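Trainee: Let's see this in three dimensions:
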Amino acid sequence: MSIAKETDLPDLLSHLGYQVRRLGSYHTTKEMDSIRIKERRRWRRYSTGQGGDAISSSQSPLSFISACRRKLRTLPCSSSPNATRSAGLALGSRMLKQGPEGSTIFFTHERWKPQGRSVLDDQQDKGSKIFVKTTSGRGYTLADAFDISQTQGRPIQTPHLHDDTPEMEAALSALLRFAPVQMIVNDDLSTPAYYVQHHMLLAVNPDFSDSEAFGAIAAEIAQAKYHDRGFNRAYSREECELSAQSVAYILCRRFGISREQPDLSKLPERFQGWPAQDRQNVLNGIQDLSKRIGRAIEKSIAPPQRAAPAVHHDAR
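Mentor: Okay, the predicted model is just below:
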């Protein structure tokens, strides 16, 4: 969230494909002419009465970014690669873009190197612009990001889980090991899994398919984690629902399991009045939990590595 607070708004809008115009001491865009940007950091939209900086607003947090994304979905296609490829969610040094066939990950040069891949020579000037931290760690700057079709190198193995396979069984076992509470079987549940807050139990209905169970169990384990065995006295299932569903969605996407994207319509309400650092902590928590579970699952389904046979030399 702190990315947006340091954002030069006219520069951001230009990179997103808007036609920025200057009106006296203000800036506006051809596509959203009711917006006025003052001192390149503050904005106000007179058609709705909303305003603030890139994320803060007296009316609605994230309303500026949300307005930009909604507008981007209605813009006609452009011949400019930067204009069309920038419609995505920037996450550190990568970008996630939702398309008709799913999500595409964009990495910077630096993030592709550990994957054993490099950007093709003829694609060097065709990257998508995203914000990344500066080398000093203070503030942000624009950098080029590229999808896998723009790179070459080592093939990337992405595990996909399917129902009734040994890999899925191993993945579910690894997932359940993250449950901080006791698991019980309940055939009467109307859902594949449910965290029972008052008894601190994870109830699972085995009658559902593996794919349905995977996402539901992931979400309910996240709920149990947030409750922290009752030590989190401020815990509310409703308040944690978006975070829990986000963890489940990230894990399902990681392993090729179909799952509906969480409802983000209440995101502004969810973060209303929160300090920027608290909002960032929530997002970091979602990312950290999904990473830890995902790595454990990958380890459980990875084929065992055979050690090289020992070479014995005859003593002479």
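
Trainee: Contacts for stretch 181-188, please.
Mentor: Contacts with stretch 181-188, where a contact means Cβ atoms under 8 Å, 6 or more residues apart in numbering, come from 176, 194-195, 200-207, 224, 229. For every residue, glycine as well, the C-beta is placed using N, CA and C.

Trainee: is it possible to export these to CSV including distance to Ile37 and pLDDT?
Mentor: Output for these, formatted as CSV (distance: Cβ to Cβ, whole Å; pLDDT from 0 to 100):
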residue, distance to Ile37, pLDDT
Leu176, 50, 95
Tyr194, 47, 96
Tyr195, 45, 96
Met200, 50, 94
Leu201, 52, 94
Leu202, 49, 95
Ala203, 51, 95
Val204, 52, 95
Asn205, 52, 94
Pro206, 56, 93
Asp207, 55, 94
Ala224, 44, 96
Arg229, 48, 92
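
Trainee: Pull out the buried members of those.
Mentor: Buried members of the contacts of stretch 181-188, scored by 16 or more other Cβ atoms under 10 Å, are Tyr194, Tyr195, Leu201, Leu202, Ala203, Val204, Asn205, Ala224.

Trainee: ok, Val185 to Pro10 distance?
Mentor: 58 Å (Cβ to Cβ, to the nearest Å).

Trainee: Neighbour count: those two, which is higher?
Mentor: Applying other Cβ atoms under 10 Å to Val185 and Pro10 shows that Pro10 carries more neighbours, namely 20 against 10.

Trainee: Please identify the helix or strand for the more buried one.
Mentor: Element membership for Pro10, per DSSP states H and E: helix 9-15.

Trainee: if I look at Ile148, how far off is Ser246?
Mentor: 24 Å.

Trainee: Among the two, which residue is more densely surrounded?
Mentor: More crowded of Ile148 and Ser246, by other Cβ under 10 Å: Ser246, with 22 against 16.

Trainee: The more buried one: what's its closest spatial neighbour, skipping adjacent residues?
Mentor: Once flanking residues are discounted, Ser246 sits nearest to Ile286: 5.0 Å by Cβ to Cβ, 6 or more residues apart in numbering.

Trainee: And what about that neighbour, helix, strand or coil?
Mentor: What DSSP: H, G, I helix; E, B strand; the rest coil gives for Ile286 is helix.

Trainee: ok, now which ones touch it?
Mentor: Going by Cβ under 8 Å, 6+ apart, Ile286 touches Ser243, Ser246, Val247, Ile250.

Trainee: among those, who's most crowded?
Mentor: Per-residue neighbour counts (other Cβ under 10 Å) across those peak at Val247, which has 28 neighbours.

Trainee: Could you list the low-confidence segments of the stretch 1-150 of the chain?
Mentor: 1-8, 12-18, 31-33, 41, 44-106, 131-133, 137-140 (pLDDT under 70).

Trainee: List the buried residues in the strand or helix carrying Lys291.
Mentor: Element membership for Lys291, per DSSP H and E: helix 276-301. Buried positions in helix 276-301, judged by neighbour count with 16+ other Cβ under 10 Å: 276, 279, 282, 285-286, 289-290, 293-294, 297-298, 300-301.

Trainee: domains for the protein, by residue range?
Mentor: 1-75, 166-301 (automatic domain parsing).

Trainee: who wins for proximity to Gly153 among these?
Mentor: Proximity to Gly153 (Cβ to Cβ) singles out domain 166-301 among these, at 20.1 Å.

Trainee: Start and end of that closest one, how far apart?
Mentor: Domain 166-301 has an end-to-end distance of 8 Å (criterion: Cα to Cα, to the nearest Å).

Trainee: Select from the buried ones among the contacts of stretch 181-188 every entry located in strands.
Mentor: Among the buried ones among the contacts of stretch 181-188, the members falling in strands (DSSP state E) are Tyr194, Tyr195, Leu201, Leu202, Ala203, Val204.

Trainee: and which of these is nearest to Gln124?
Mentor: Checking these one by one against Gln124 (Cβ to Cβ), the nearest turns out to be Tyr195, at 48.4 Å.

Trainee: Noted, bye for now.
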